[in-house]
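Q: Sequence below, structure please.
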Amino acid sequence: MKSNGGASLADPKVRASSHQQSGASSPLPTAAIGFRPEFLDFRRGIHVGNLEENERITRILKLALEARYRQGFVTERWGRGVFWQWIAFLPRADREAKPLSSHVSFGCAKFFISVETEEKLFKCGLQVERGYVQAPSTSRECELGPDWDWHRLVKGLRPGTPVERELRRLILREGFSLFAGSWESEPATFSRENFPGVTQLRRRLDAAPKNHWAGFQLFYPMTEEEVLGSTGVDLVESMLAIFSEVTPLMNLTMQIELREADREGGG
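A: Numbers count the residues shown, from 1 in each chain. Just a heads-up that it's a prediction; the model follows:
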């Protein structure tokens, strides 16, 4: 998918422009980043096992996020062995702020990356989970709690709210895509061409089956061609630029606020 003017965020010039606008940059020296494009494997997932520390994307992104926001992040993942399909990073302080759910990460908004092997897409952005409204007896910890970030997201899905303004900016202007609903039923992905508006979006989320796992993903998609046409450093910096773009929306859903270190104090 392309942003305005047909340029991709994977393009180094667009990435550099995004960094200049957001004030974001990686604290890691370029020479120290050993990540390679082929580690995003569109047949097996994200290569994380049997790598050096400077090659592992989990380590690279966690260090960069902790340096940017000057606070600890928790790494979550889905997958096993050498290749993982989904990796997420959530602020530890947001989880600890939950009076009832500080022992689980499901209730927290999070940055995520994933390789969708069926869609042949790399996705990078923001995820907020609803989990189950009626969880099976074996997954009670995954049942939507009253202190989850999901409630602030859904409450903000109204015309004229800051959440609506951020969604319209990211989807209609910046070329992000959106998944909303249950992963167990018919997929629902929206983009600039078919964005339904916040009222319809909220109705769709409210209608997600209570006994299905549901959630919300706002992401920038990259094709295999775009990924393999970039360098590893380009991809790392693109991921960090995308995280910076979605941070204002993430802040609207969390119990804490992420502030970039170089912007604190009015910088």
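
Q: now stretch 188-207, how far from the centre of its chain.
A: From the chain centre to the centre of stretch 188-207 is a distance of 18 Å (C-alpha atoms, centre = their mean, to the nearest Å).

Q: mind listing what's buried in it?
A: 188, 190, 192, 195, 198, 201-202, 204-205 (16 or more other C-beta atoms under 10 Å). Every C-beta, even on glycine, is put in place using the N, C-alpha and C of the backbone.

Q: Filter these down to the ones in strands?
A: In this view, the buried residues of stretch 188-207 that belong to strands under DSSP state E are Phe190.

Q: contacting residues for Glu96?
A: For Glu96, the contact set (C-beta atoms under 8 Å, 6 or more residues apart in numbering) comprises Ser102.

Q: circling back to that earlier point, okay, the buried residues of stretch 188-207 in TSV with distance to Leu172 and pLDDT next?
A: What follows is the buried residues of stretch 188-207, written out as TSV (distance: C-beta to C-beta, whole Å; pLDDT from 0 to 100):
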residue	distance to Leu172	pLDDT
Ala188	18	86
Phe190	11	97
Arg192	5	97
Phe195	6	97
Val198	12	98
Leu201	13	97
Arg202	18	97
Arg204	18	94
Leu205	19	95
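
Q: can you give me the strands for this structure?
A: Secondary structure of the chain (DSSP E): strands located at 40-41, 45-47, 73-80, 83-91, 110-116, 121-131, 177-182, 189-190, 214-223.

Q: Which among the ones you listed is found nearest to Glu257?
A: Closest to Glu257 of the strands of the chain, according to C-beta to C-beta: strand 83-91, at 9.5 Å.

Q: tell me which residues form a beta bridge with the nearest residue to Leu90 once chain neighbours are set aside?
A: Counting by C-beta to C-beta, 6 or more residues apart in numbering, Leu90 lies nearest to Lys110, which is 3.9 Å off, once chain neighbours are set aside. Following DSSP bridges, Lys110 is listed with bridge partners Gln127.
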